[in-house]
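Trainee: need coordinates for the following:
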Amino acid sequence: MPKKKKPAPKKPAAKRRAAPRSKPTAKARPVKKPARAARAARAARAAAPAVAPDRVAAFREAILRHLKSTFARDPVTATRNDWWSATCMAVRDQILERYIDTQSEHAGQNVRRVYYLSLEYLMGRVLSNNLVNLGLRDVASHALAELGQELETIADEEADMGLGNGGLGRLAACFLDSLATMDIPAIGYGIHYEFGLFRQTFAQGRQVEVADNWLANNNPWLIRRPNFRVTVPLYGRVEHVTDDRGNHSAALRDTKDLLGVPWDIPIAGFAASSVNFLRLWESKAASEFDFRAFDRGSYVDAVRERNTSETVSKVLYPNDSTESGKELRLVQQIFFVSCSLQDILRRHLRLNRGLDTLPAKVAIQLNDTHPAIAVAELMRLLVDVERLTWDDAWGICTRVFSYTNHTLLPEALETWSVPLFEKVLPRHLEIIYEINRRHLEEVGRFWPGDDARKAELSIIQEGSPKRVRMAHLAVVGSHHVNGVAELHTRLLRAHLFPGFNELWDGKFVNVTNGVTPRRWVRGCNPELARLCDEVAGAGWETDLTRLRALDELADRPAFQDRFLAVKRDNKVRLAARIRELVGVEVSPDALFDVQIKRLHEYKRQHLNLLHILHLYRRILNEPETRFTPRVCIFGAKAAPGYALAKHIIHAINRVAAVINADPRVRGLLKVVFLPDYRVSLAERIIPAADLSEQISTAGKEASGTGNMKLALNGAVTIGTLDGANVEIHEEVGDENIFIFGLEVEDVAELWRRGYSPRAVLEADPELATLIDWLRSDTFTPEQPGLLSPVADSLVDGGDPYLCLADFRSYVAAQDKAAEAFLDRRRWAAMAIRNVARCAKFSSDRSIGDYARMIWKTRSHPVPR
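Mentor: Have a look, this model is predicted:
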């Protein structure tokens, strides 16, 4: 409650200042400031750099203007969501000015543009990121404080955009940030999902999925563009005709059509002149209302087509365990790809006289196999709609497409059954067969008479039924294919696509992933950012090599103390959030051991669980031993249909409940699984992390980007030589990372010799005891054996990701990490050097590599 002020001495009525009741204005109406907000205002003014008062005043007036004119509120009746919405609109005003200038300049110069096709974008919250990129965070903080509001509280009103799931989507979001920051003309394309993946809660430790209605309170960043809607034909039949001049053509008849309506999100770069945009497609029915059915009284039938059509953009990643789920996924992919390609062609023809110049003006990046159907769809548009010859169309296709592969898991490379393709996309299937026929002719010329090579490289996989290999289609139709880490690219060439690599020398290149330091340091870790400002000077956010200056200070106690103070402040904030979310008290002085990523067996959260059991057992049986206090922090979602992943979540939660309630542990070990892991939660966890768990089986993780974010925020990695861990190891040095486990060649050799989990348990009685403990009633007294599925997967299930094989090496590395953490000076130096030496892992460097090696594009700064 606001503090009561003492009444001021009465003045003559004529001299009183009061707003006329008939014309209330924001200026004349005083805003009551709660004590907490007033304190925040003073703190913001004291801690933040000096901000020009005129900028603060202008921003404050913009907020008040939108509060009144856009949302019909005044400062007294406005809710926090109203304040958030008005603040967003004040920021959007400034972005749109740049956006209009950018698009006008790009069109006037007819620039070469990158088009990034991705089924997901893990954008997180937009307000805080835009404030950072526009240099408005301190301005907004001061302006809101003067209005009695706290920026952090207002920013918490924003729901994370439900447009993505894991690293693939977050990488796409980082790339959009870098493209705009580097003034590279670009448009991202995706789907305007009504619901995100799901919101995760726990019931008795089990994951429960709840609809993620991220648009419940609308979203001020989305701009609807109905005038650019397009039509996507599905199903139907193919009709082949020859005209009176002997020209052959194909046309789709009796189709079911979808309308794609675009929504745009402006993407502002950091301190840059450009504003690009992300275009998202919402599915609508071609005919939304059947008046005849309505007149007959069939009210449900009257809107049936609309409801069916809108299902396509309803939810991210529908469950594909059923045939209808598979069909919906395929329809989603062709829907967003066709909408995007039609839009690209429209934009090109608006500025160019023909399609022969398309490769000179257009670079299309396929982010994984989800958009791979774009190869066949562009051929359909060029041949069937634009009436180009096959050879001309194919020449255009293979010069505009490039493909990023994100996985080494064969089961993750999408394939679709030919019968499903024939039902949903009959013309595309014909086109794919023709692409494959010509492709296999080339294979036959390279390896005459080698049918095994043809089977290996064919886009069509033989079997019952036959299947379309989407990754093969993407490789055949692209001029470049890139892996996302040096190890990943080497394995792509040697194991996943060896025949293609031999057939087309130079097609496979590496572009190691990166993360944007704007969001992942400047935005989420402002105290560390200020420390970097002092040491590295202005501009390090766009040139991380400047952070090398921290290396020189890594061993100086005074700087170490400041660095550790920043880390502790972040840990205090995370401890408060842990208490709020799961009700567990944790000490900020403990080692914060963090594993945050999608739940999958190959990421080995269950190996981490085995180590937790190992620690718990040691604490109980060795009460005199000195232990490093540790808080094990998990964040992950399991796909709704992935049963074992959900069992692992359940097991971690049940073990955590027992450990956290056991007084014998004496606070030496806490385990927390934070629900609903998402970007905004990661922004709270990552700055507070001490130890970064990157423990996937060697050869399974393509790259990873969480490892980069954590290292850049001063967490020390414990990991295998997998994905980008290899390059982090090279950059930070042996002494600043904890490496363990089998390497890629060791894994291959172990499987070649024959791996037996039972043999490992027979040789390691303590590990066998831990497995038995997991199966017992200790953690599930109401039902012994409830956690057995996790244990069974490691023993009877064959331990496919070698948790048991790597266990002892993992424990030894954990022991080294625990010992190092107790040496405050040593740990500080390690953490500082991780920050200083991660320049390679900026998404700006990644985008620079793409622009130079693959897209052949350049920056186009917009004059101001």
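
Trainee: tell me the contacts of residue 631?
Mentor: For residue 631, the contact set (CB atoms under 8 Å, 6 or more residues apart in numbering) comprises 586, 587, 590, 591, 592, 593, 670, 671, 672. Just so you know, the C-beta spots here come from the backbone N, C-alpha and C atoms, and that holds for glycine as well.

Trainee: ok, of the residues you listed, which one's closest to residue 778?
Mentor: The closest of these to residue 778 turns out to be residue 671 (CB to CB; 14.2 Å).

Trainee: what about that closest one, how many neighbours?
Mentor: 25 (other CB atoms under 10 Å).

Trainee: host element of it?
Mentor: Using DSSP states H and E, residue 671 sits within strand 669-673.

Trainee: what residues of that strand count as buried?
Mentor: Under the neighbour-count criterion of 16 or more other CB atoms under 10 Å, strand 669-673 has 669, 670, 671, 672, 673 buried.

Trainee: in the protein, where is pLDDT below threshold?
Mentor: 1-49, 288-306 (pLDDT under 70).

Trainee: tabulate the CA atom coordinates of the top strand by length along it in CSV.
Mentor: Across the chain, the longest stretch assigned as strand under DSSP state E is strand 256-268. Coordinates of each C-alpha in strand 256-268 appear next as CSV, following Å, rounded to 0.1, in the frame of the first residue of the first chain:
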residue,chain,number,x,y,z
LYS,A,256,-9.0,-28.7,-50.9
ASP,A,257,-7.6,-25.2,-50.7
LEU,A,258,-6.1,-23.4,-47.6
LEU,A,259,-5.6,-19.7,-47.3
GLY,A,260,-2.4,-18.5,-45.7
VAL,A,261,-2.7,-15.1,-44.0
PRO,A,262,0.6,-13.5,-43.0
TRP,A,263,1.5,-11.9,-39.7
ASP,A,264,4.7,-10.0,-39.4
ILE,A,265,7.0,-9.4,-36.4
PRO,A,266,9.6,-6.7,-36.9
ILE,A,267,13.2,-7.8,-36.0
ALA,A,268,15.4,-4.9,-34.8
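
Trainee: that strand: how far from the chain's middle?
Mentor: Per CA atoms, centre = their mean, to the nearest Å, the displacement of strand 256-268 from the mean C-alpha position of its chain is 20 Å.

Trainee: and for stretch 339-359?
Mentor: 29 Å.

Trainee: which strands border the longest strand of the chain, and is each parallel or antiparallel?
Mentor: Neighbouring strands of strand 256-268 in its sheet, by DSSP bridges, are strand 223-224 (antiparallel), strand 230-234 (antiparallel), strand 275-285 (antiparallel).

Trainee: winner for burial among those strands?
Mentor: Stretch with highest mean neighbour count among these: strand 275-285 (a mean of 23; mean count of other CB atoms under 10 Å).

Trainee: would you put the C-alpha positions of that strand in PDB?
Mentor: Extracted C-alpha coordinates of strand 275-285, given in PDB (Å, rounded to 0.1, in the frame of the first residue of the first chain):
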ATOM      1  CA  VAL A 275      14.800  -3.800 -39.200                       C
ATOM      2  CA  ASN A 276      14.000  -7.100 -40.900                       C
ATOM      3  CA  PHE A 277      10.900  -9.100 -40.200                       C
ATOM      4  CA  LEU A 278       9.600 -12.600 -39.400                       C
ATOM      5  CA  ARG A 279       6.500 -13.500 -41.500                       C
ATOM      6  CA  LEU A 280       4.300 -16.200 -39.900                       C
ATOM      7  CA  TRP A 281       1.400 -17.900 -41.800                       C
ATOM      8  CA  GLU A 282      -2.000 -18.500 -40.200                       C
ATOM      9  CA  SER A 283      -4.200 -21.100 -41.900                       C
ATOM     10  CA  LYS A 284      -7.700 -20.100 -42.900                       C
ATOM     11  CA  ALA A 285     -10.500 -21.800 -44.900                       C
END
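
Trainee: and stretch 541-553, what's buried?
Mentor: Neighbour counts over stretch 541-553 (16+ other CB under 10 Å) mark 541, 542, 544, 546, 547, 550, 553 as buried.

Trainee: typo on my end, stretch 382-397
Mentor: Buried residues in stretch 382-397, defined by neighbour count with 16+ other CB under 10 Å: 382, 383, 384, 388, 393, 394, 396, 397.

Trainee: and the next helix or strand past the helix or strand where the last one lies?
Mentor: Read that as residue 397. Here residue 397, judged by DSSP H and E, is contained in helix 390-400. Sequence-wise, the next helix or strand downstream of helix 390-400 (DSSP H and E) is strand 401-404.

Trainee: who does that following strand touch, helix- and strand-wise?
Mentor: strand 362-367, helix 374-380, helix 470-477, strand 480-483 (3 or more CB pairs under 8 Å, 6 or more residues apart in numbering; DSSP states H and E).

Trainee: can you do 6 Å?
Mentor: When contacts are defined as 3 or more CB pairs under 6 Å, 6 or more residues apart in numbering; DSSP states H and E, strand 401-404 packs onto strand 362-367, strand 480-483.

Trainee: quick one: strands adjacent to the shortest one?
Mentor: Strand 480-483 has these partner strands in its sheet, going by DSSP bridges: strand 401-404 (parallel), strand 508-510 (parallel).

Trainee: please consider this matter closed, and thank you.
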